[in-house]
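**Student:** Here is the input, now give the coordinates:
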Amino acid sequence: MKKIIVLLGITLSLVFNLNAQIDTKAKAILNELSKKYRTYTIIKTDFSFTLDNPQAKIKETQQGSLIIKASSNKYKVVMTDQELFSDGKSQWTYLKENKEVQVTDLDNNADGINPAKIFTIYEKGYKYLYVGESKIGAKTYQIIDLSPLDITKTIFKIRLTIDKTAKQISNAVIFDKSGNKYTYNIKSLTPNFKVSENVFAFDAKKYPGVEVVDLR
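**Tutor:** Down below sits the predicted model:
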């Protein structure tokens, strides 16, 4: 999970000073982003995910989907090789190739990114810097770099690309100290998605033949 998500890595380092931490333009953009996302109850998004490490000669792309419940730690992530579920207390990691599900307590203090916080990750524990604007076709995007306040974290930079008009994240690139770069391209976003609460917990009945390994 830490290798993929959070959904759902950070490595091209910038030098952040005190002004970067209180960058007023970046703060204003992120505040607008938070204001919009917090009007949603449940968000469903389809995305593509690319892991790139030139030094290790690794470049892999997967397609995925994410459902998160706002203001909670509940989520479901579906990707090519695995699925992740969280009911806010426990996390199930379904490894498709191994036909195995690992159950663990949800660790909100883990070094990785909590998928439930992917759209509001910048709200706590990061300083931020407005980089500029980029125009692609008819759309204008605002670019903001995040840097963790805790320099011991594996992740050391996140670059957000934000649709200026829609006020939505369209792309997130995460860099980590091992040289991995994780790119998430948001292909679609459905706010206030209608779904049962049951979707956030693994149901063994729907996965016959899958071994459940409880590590709690």
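**Student:** So what sits opposite Phe175 in the bridge?
**Tutor:** With DSSP bridges applied, the residues forming beta bridges to Phe175 are Lys157, Lys181.
**Student:** I misspoke; the intended subject was Pro191.
**Tutor:** In this structure, Pro191 has the following beta-bridge partners (DSSP bridges): Ile43.
**Student:** Then Glu60?
**Tutor:** Leu51.
**Student:** same deal with Ser134?
**Tutor:** On DSSP bridges, the residues paired with Ser134 through beta bridges are Tyr141.
**Student:** For the closest residue to Thr61 other than its chain neighbours, list the residues it contacts.
**Tutor:** Distance criterion Cβ to Cβ, 6 or more residues apart in numbering; nearest residue to Thr61, sequence neighbours excluded, is Thr50 at 4.6 Å. Placement of C-beta: from N, CA and C, glycine included. For Thr50, the set of contacting residues under the criterion of Cβ atoms under 8 Å, 6 or more residues apart in numbering consists of 59-62, 182-183, 185.
**Student:** let's see it at 7 Å
**Tutor:** Contact criterion Cβ atoms under 7 Å, 6 or more residues apart in numbering gives 59-61, 183 as the residues in contact with Thr50.
**Student:** Give me the residues contacting stretch 127-144.
**Tutor:** Counting contacts by Cβ under 7 Å, 6+ apart, the residues outside stretch 127-144 that touch it are 14, 16, 20-21, 23, 25-26, 29-30, 122, 145-147, 149, 159-164, 170.
**Student:** Emit the PyMOL select command for whichever of the residues you listed are buried.
**Tutor:** Listed next is the PyMOL selection for buried residues among these, using 16 or more other Cβ atoms under 10 Å:
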select buried, resi 16+20+23+26+29+30+122+145+146+147+159+160+161+162+163+164+170
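**Student:** hmm, back to that, which of the contacts of Thr50 has the most neighbours?
**Tutor:** Across those, neighbour numbers were computed from other Cβ atoms under 10 Å; Thr183 holds the maximum, 17 neighbours.
**Student:** So that residue sits against Phe175, correct?
**Tutor:** No. Contact between Thr183 and Phe175 fails when scored by Cβ atoms under 7 Å: they sit 10.0 Å apart.
**Student:** neighbours around Gly132, how many?
**Tutor:** What Gly132 shows, counting by other Cβ under 10 Å, is a neighbour count of 8.
**Student:** typed the wrong thing, it's Asp52
**Tutor:** Using other Cβ under 10 Å: Asp52 sits among 16 other residues.
**Student:** That one contacts Gly179, correct?
**Tutor:** No. Assessed by Cβ under 7 Å, Asp52 is found out of contact with Gly179, at 9.3 Å.
**Student:** Which secondary structure element of this protein has the lowest mean pLDDT?
**Tutor:** When the helices and strands of the chain are scored by mean pLDDT, DSSP states H and E, helix 18-21 comes last with a mean of 40.
**Student:** After it, heading C-terminal, what element do we hit next?
**Tutor:** Beyond helix 18-21 on the C-terminal side, the first helix or strand identified by DSSP states H and E is helix 24-37.
**Student:** other SSEs contacting that following helix?
**Tutor:** Contact partners of helix 24-37 among helices and strands, from 3 or more Cβ pairs under 7 Å, 6 or more residues apart in numbering; DSSP states H and E: strand 126-136, strand 139-148.
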